[in-house]
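>>> show me the folded form of this:
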Amino acid sequence: MYYQKPFYLKGDYGNNSFSYQKRNNPKLYIPQLTEGDLDQLEISPHIHFEVEENGKIKSFKGIKNFIKLKNKQIYIFDNHNHALFFWYKAYFENIIKKNSLLVHIDQHTDMRTPDKFIKEEILEYIRTYTNYHTNVGNFIKPAMQTGLVGEVHQIRTAYSLENFKIPKNENTKILDIDIDFWAEGMENTKTKDKIVKNMIGKFDLITVATSPYFINQEKAIEKIKEIIEN
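Numbers count the residues shown, from 1 in each chain. The predicted model follows:
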């Protein structure tokens, strides 16, 4: 099992590259993966994301552990680029297949181009690649480049969510949710919550990012518990 132990991401790589030269002893905590339930979601004491803004260093805590919900193909983690690893993990476990349909619920597209693309479809390589060559804004294109992900649907507003219909095709389906979709400034309604909650049972794999930089983590955990059932 990968992510058996937590570790620190050091060096000018991945999410640690943000404001790298301006931070003192730049490193980010990467939690271990555990299997459990939503009651195990709690705030980490460590720094999971850090950036300089307006001359000040801002540090953000994430969730204590990455969690795979028991008996469900639902993964919950902090920084969104980790979704790439869990998509591949599910692929190697025959949960999803190549050319999977991706529905991406997020206030951002996350479609920037990384510094390099995937060279080997081996899970250990994917783990390293995810941490060292992707960040929170560029992890979807690598999955498209290898053919793991085919059709991509971007849902970035409440309006687009309310008018979205899941395509009917033979491909396996991934629902990728960034909890920053409920961040301050976004339109937040009970209808929005209900739609997402109803979508979850219609996908083969669900990945959920708590996004420490974009939303308060206590609010993120609260929202996850509202839209996902144990």
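>>> give the full set of residues in contact with residue 215.
Residue 215 makes contact with 179, 180, 182, 183, 184, according to CB atoms under 8 Å, 6 or more residues apart in numbering. In short, each C-beta sits where N, CA and C put it, glycine included.
>>> what of residue 139?
Applying CB under 8 Å, 6+ apart, we find residue 139 in contact with 80, 81, 83, 84, 110, 114, 130.
>>> how about residue 182?
By CB under 8 Å, 6+ apart, the contact set of residue 182 is 188, 192, 215, 219, 220, 223.
>>> same question, residue 4
Counting by CB under 8 Å, 6+ apart, residue 4 touches 32, 33.
>>> give me the residue at the spatial middle of the chain.
residue 80 (3.0 Å; CA atoms, centre = their mean).
>>> that one touches residue 110, doesn't it?
Yes: between residue 80 and residue 110 there is a contact under CB atoms under 8 Å: 6.3 Å.
>>> tell me, what's touching the two both at once?
Counting by CB under 8 Å, 6+ apart, the shared contacts of residue 80 and residue 110 are 136, 139, 178.
>>> redo these as TSV? Include pLDDT.
Formatted as TSV, the shared contacts of residue 80 and residue 110 follow (pLDDT from 0 to 100):
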residue	pLDDT
136	98
139	98
178	98
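>>> which helix or strand contains residue 223?
Using DSSP states H and E, residue 223 sits in helix 217-227.
>>> other SSEs contacting that helix?
strand 43-53, strand 56-63, helix 190-199 (3 or more CB pairs under 8 Å, 6 or more residues apart in numbering; DSSP states H and E).
>>> ok so, going back, of the contacts of residue 182, keep whichever come out buried.
Among the contacts of residue 182, those classed as buried by neighbour count (16 or more other CB atoms under 10 Å) are 192, 215, 220, 223.
>>> so for the third one, what's the pLDDT?
It refers to residue 220. We have a pLDDT of 97 for residue 220.
>>> what is the burial count for residue 150?
Applying the criterion other CB atoms under 10 Å, we find 16 residues in the vicinity of residue 150.
>>> might one say that it is in contact with residue 99?
Yes: if you go by CB under 8 Å, residue 150 and residue 99 touch, sitting 3.8 Å apart.
>>> can you pull up the bridge partners for the nearest residue to residue 22 once chain neighbours are set aside?
Among residues not flanking residue 22 along the chain, residue 52 sits closest, at 4.3 Å (CB to CB, 6 or more residues apart in numbering). Bridge pairing for residue 52 (DSSP bridges) gives the partners residue 57.
>>> for residue 52, what are its contacts?
By CB under 8 Å, 6+ apart, the contact set of residue 52 is 19, 22, 23, 58.
>>> residues near residue 176, how many?
Residues near residue 176, counting by other CB under 10 Å, number 26.
>>> element containing it, please.
Residue 176 is part of strand 173-178, with elements assigned from DSSP H and E.
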